[in-house]
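Peer 1: Model the following, please.
(one chain, ligands or ions: 3)
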Amino acid sequence: MKQDPTSHLTLEGGLGRRRFLNTAAVVGLAGVAACTDKSGATAATAASAASQAPGHSAANAVHLKPGELDTYYGLWSGGHTGDMRVLGLPSGREIHRIPCFVPDALVGWGVTNESKKVMGTKPNGDLRYTVGDSHHTHASYKDGNYDGRYAWINDKINSRIARIRLDYFVCDKITELPNVQGFHGIFPDKRDPVDPKINYTTRVFCGAEFAIPLPNTGTEDATTYRSLFTCVDAETMEVRWQVMIDGNCDLTATSYDGKLAATNQYNTERGARYEDMMSAERDACLFFNVARIEEAVKAGKFKTIGNSKVPVVDGTLESNKDPKTALTAYVSVPKNPHGVNASPDQKYFICAGKLSPTVTVIELSRVLDWFDGKLAKLDESIVAEVEVGLGPLHTAFDGRGNAYTTLFLDSQVVKWNIEAAIKFQKGDKAAKYVVDRLDVQYQPGHVNASQSETIAADGKFLAVGCKFSKDRFLPVGPLHPENEQLIDISGEKMVLLADHPVRGEPHDFIIFKRELLSPKPVYALDDFPLAVKDPKESGVVRNGRKVTVKITSQAPAFSLREFKVKKGDEVTLILTNLDKVEDLTHGFAIPKYNVNFIVNPQETASVTFIADTPGVFWAYCTHFCHALHLEMRSRMIVEA
Ligand code: CUK
Ligand code: CUA
Ligand code: CA
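Peer 2: Numbers count the residues shown, from 1 in each chain. Ligands and ions are numbered 1, 2, ... in the order given. The predicted structure follows:
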């Protein structure tokens, strides 16, 4: 069979890598089921045929004309850069980075007092953490679609959840979750499970991947370690409650009716070493009955752990055997699953097999039936468990009944039909549930389609986050970018449209129509309590050794051309940008004082530092704003 010359399968390096990963994984991960799939070459020819096939419209062209705007927003987690990336799609252009967990030198995140307050500080005023690891991002819902209020993002390292305001594209709150480590999956609820009037997100669910001793005494006995599932209030960002469980959490999903939240579990063995974590043939997808948990909290059926006042309810297997009162339901799925995703028809959760070449389809109404005592065996909520290929991780949807699952080991995306898979499971062996396969470059993790996890899934674009880019871009030394690939899914066959290098290392992302957001072009002066609203208010106010310096900026000048402080003063400098013009941002940098931050139009920001070095310091505007930008300065004189 002739291979597509663009396929990596024909490249020696690509083949080597593929073999290496496949063999290493299969040898290392003993017990992985053999996959009968032989689609490598056929997928390559299918893809090349599809690219010439009619029906793939120019509407999905990725090359926008200069000045043309993208039609979709993409919110990408930044991985261990600790930020969120904003991409325009289909062009794949990176438009913005929103710093969250980690300082950012462009905007002065972690430099200004306002950002430090969001990030959290130690008693001495230093940042509590300067590293982060953001994997999962999801946005707030109303009526099953994004409502443009918020997005949330996780920090796996320090178990923090950050909220992004989608009107200004800034992080406004960060909460550290108590008594957990490895906070990984995150998902907002889509409506309230009880009150039908609340048809929007009010809770965010957080899965903790690593079990720890509770309280964390440092004991070596891993059999006592526990993991908690956490609910955070979407508005206040306070932790509402936690559930103690057996096993661990990984990814998180929620049902459209608000009744269920779920997490896939790969360590039901509660092992401390990876060999132990893969000793069982099956693990679980764990469901949380949200309304019952909240009732239990209300009724005082909880305990607290250590210094935390957060109610912790008992969701362990042993305590939740009676379906009529159970808070949790453990649905058995094959070995070390990864990813759990809710289908846009609102009916199913899909768990990918990771160490099993299968996907498991769980029907939500049956899980609810079990909670109501109407389903004898919880396992009967599984309506399909079918082979799709090696190393299935995450799944996206097109709104036409098809699912798209990444196959890490096969370096493919497999398109499969959910109802056909269910038919196949029921015994109709003629039901062809695998619709298409596409080679991707290389080793994909996350995948998502435009509007995929909403009731408005539109089946146009699929993006896939390839963990290895290898030979796809100009070499830049040992560290390679990731390869975010864009795929046209509007037709029967998937068509690869573009490669996009991105700085390491995004995981999950969402893609949605640009009409769903209406970001504000300038800030509102009154939103900042410290705002210096008139240049006449500028000046130096002394209160003992504490000095407040108030400045405004209006291109091309700062209101104070110079200001004097004394050596040893604690200086708080407040800067308001009085320019109202869109895109007119100023910066403020003080040499040798480790200060640089920006103020956008009508924004106020402040910094506090000790004036410990006497001298003249030319504070200058770092953000190009005007023909006289280079002249835009203020002279700080620190008197000895
Ligand atoms: S995990 Cu990265 S590929 Cu953190 Cu969503 Cu699956
Ligand atoms: Cu103000 Cu540059
Ligand atoms: Ca396991």
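
Peer 1: Check which residues of the helix or strand encompassing K116 are buried.
Peer 2: K116 belongs to helix 113-119 when assigned by DSSP states H and E. Residues of helix 113-119 classed as buried: 113-116, 118-119 (neighbour count, 16 or more other C-beta atoms under 10 Å). Placement of C-beta: from N, CA and C, glycine included.

Peer 1: do stretch 398-415 as well
Peer 2: So, applying 16+ other C-beta under 10 Å, buried residues of stretch 398-415: 398-399, 401-415.

Peer 1: cool, and stretch 444-463?
Peer 2: 444-454, 456-463.

Peer 1: related to what we said a few turns ago, residues contacting the helix holding K116, please?
Peer 2: 99, 101, 103, 107-110, 125, 127-129, 171-174, 572, 605-608 (C-beta atoms under 8 Å, 6 or more residues apart in numbering).

Peer 1: Write out the residues of the chain neighbouring ligand 3.
Peer 2: Taking C-beta under 5 Å from the ion as the contact definition, the chain meets ligand 3 at 266, 277, 283, 336.

Peer 1: With neighbour count as extra columns, can I get those residues in a markdown table?
Peer 2: Formatted as a markdown table, those follow (neighbours: other C-beta atoms under 10 Å):
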| residue | neighbour count |
| --- | --- |
| Y266 | 24 |
| M277 | 19 |
| D283 | 29 |
| N336 | 25 |
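
Peer 1: Dump those residues to JSON lines, plus pLDDT.
Peer 2: Listed next are the residues of the chain next to ligand 3 as JSON lines, based on pLDDT from 0 to 100:
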{"residue": "Y266", "pLDDT": "97"}
{"residue": "M277", "pLDDT": "96"}
{"residue": "D283", "pLDDT": "97"}
{"residue": "N336", "pLDDT": "97"}
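
Peer 1: Any chance of a PyMOL selection covering the buried ones in the contacts of helix 113-119?
Peer 2: Buried subset of the contacts of helix 113-119, written as a PyMOL selection, criterion 16+ other C-beta under 10 Å:
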select buried, resi 99+101+103+107+108+109+110+127+129+171+173+174+572+605+606+607+608
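
Peer 1: From the contacts of helix 113-119, which land in helices?
Peer 2: Among these, DSSP state H puts none in helices.

Peer 1: So which of the contacts of helix 113-119 are in strands?
Peer 2: The strands, defined by DSSP state E, take in 99, 171-174, 572, 605-608 from these.

Peer 1: And stretch 380-396, what's buried?
Peer 2: Under 16+ other C-beta under 10 Å, the buried positions of stretch 380-396 are 381-396.

Peer 1: So which residues on the stretch 501-640 of the chain come close to ligand 1?
Peer 2: By the rule C-beta under 6 Å from any ligand atom, the part of the stretch 501-640 of the chain lying against ligand 1 is 507-508.

Peer 1: how about the strands of the stretch 501-640 of the chain, start to end?
Peer 2: Using DSSP state E, counting those that start in this stretch, the strands of the stretch 501-640 of the chain run over 509-513, 539-543, 546-554, 557-558, 562-566, 570-577, 586-590, 595-599, 604-610, 615-620, 633-639.

Peer 1: shaky segments in the chain?
Peer 2: Within the chain, the stretches with pLDDT under 70 are 1-60.

Peer 1: what's the single longest strand in it?
Peer 2: strand 145-155.

Peer 1: Partner strands of it, with direction?
Peer 2: strand 137-142 (antiparallel), strand 160-165 (antiparallel) (DSSP bridges).

Peer 1: from the chain's centre, how far out does it sit?
Peer 2: 9 Å (C-alpha atoms, centre = their mean, to the nearest Å).

Peer 1: Is it positioned near ligand 1?
Peer 2: No. Shown here: strand 145-155 not in contact with ligand 1 (C-beta under 6 Å from any ligand atom), separated by at least 8.3 Å.

Peer 1: Just the element for the residue of the chain found nearest ligand 1, please.
Peer 2: In the chain, the residue that lies nearest ligand 1 is G445 (2.8 Å; C-beta to the nearest ligand atom). Assigning secondary structure by DSSP H and E places G445 in strand 444-449.

Peer 1: mind listing what that strand pairs with, with the direction of each?
Peer 2: By DSSP bridges, strand 444-449 pairs with strand 461-466 (antiparallel).

Peer 1: Output the next helix-or-strand element following the partner strand as CSV, restricted to C-alpha atoms.
Peer 2: Downstream of strand 461-466, the next assigned helix or strand under DSSP H and E is strand 482-488. Extracted C-alpha coordinates of strand 482-488, given in CSV (Å, rounded to 0.1, in the frame of the first residue of the first chain):
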residue,chain,number,x,y,z
GLU,A,482,4.4,21.3,21.4
ASN,A,483,2.4,20.9,18.2
GLU,A,484,-1.2,22.0,18.4
GLN,A,485,-2.7,20.7,15.2
LEU,A,486,-6.0,21.9,13.7
ILE,A,487,-8.3,19.4,12.0
ASP,A,488,-11.3,20.0,9.8
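
Peer 1: Note down every partner strand of strand 482-488 and its orientation.
Peer 2: Partners of strand 482-488 in its sheet, by DSSP bridges: strand 461-466 (antiparallel), strand 495-502 (antiparallel).

Peer 1: Columns distance to ligand 2 on top of the ones you listed, output as CSV?
Peer 2: CSV is the format used below for the strands paired with strand 482-488 (distance: least, C-beta to the nearest ligand atom, whole Å):
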stretch, distance to ligand 2
strand 461-466, 36
strand 495-502, 29
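
Peer 1: Include distance to G78 when you put those into a markdown table, please.
Peer 2: A markdown table is the format used below for those (distance: least, C-beta to C-beta, whole Å):
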| stretch | distance to G78 |
| --- | --- |
| strand 461-466 | 12 |
| strand 495-502 | 9 |
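
Peer 1: out of the ones you listed, deepest packed?
Peer 2: Counting by mean count of other C-beta atoms under 10 Å, strand 461-466 has the highest mean neighbour count of the strands paired with strand 482-488, with a mean of 27.

Peer 1: residues near I590, how many?
Peer 2: When neighbours are defined as other C-beta atoms under 10 Å, I590 has 20 of them.

Peer 1: is it true that it touches A619?
Peer 2: Yes. With contact defined as C-beta atoms under 8 Å, I590 reaches A619; the gap is 4.6 Å.

Peer 1: which neighbours do the two share?
Peer 2: M636.

Peer 1: Which residues of the stretch 201-350 of the chain lie near ligand 1?
Peer 2: 251, 338.

Peer 1: Show me where the stretch 201-350 of the chain has its strands.
Peer 2: 203-210, 227-233, 239-245, 252-254, 260-265, 282-289, 312-314, 328-334, 338-342, 348-352.

Peer 1: how about JSON lines for those, with distance to E68 added?
Peer 2: Listed next are the strands of the stretch 201-350 of the chain as JSON lines, based on distance: least, C-beta to C-beta, whole Å:
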{"stretch": "strand 203-210", "distance to E68": "35"}
{"stretch": "strand 227-233", "distance to E68": "39"}
{"stretch": "strand 239-245", "distance to E68": "44"}
{"stretch": "strand 252-254", "distance to E68": "35"}
{"stretch": "strand 260-265", "distance to E68": "40"}
{"stretch": "strand 282-289", "distance to E68": "43"}
{"stretch": "strand 312-314", "distance to E68": "52"}
{"stretch": "strand 328-334", "distance to E68": "44"}
{"stretch": "strand 338-342", "distance to E68": "32"}
{"stretch": "strand 348-352", "distance to E68": "35"}
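
Peer 1: Among these, which comes closest to I489?
Peer 2: Taking C-beta to C-beta, strand 338-342 is the member of these nearest to I489, at 15.4 Å.

Peer 1: Give the other helices and strands that the closest one contacts.
Peer 2: strand 252-254, strand 260-265, strand 348-352, strand 392-397 (3 or more C-beta pairs under 8 Å, 6 or more residues apart in numbering; DSSP states H and E).
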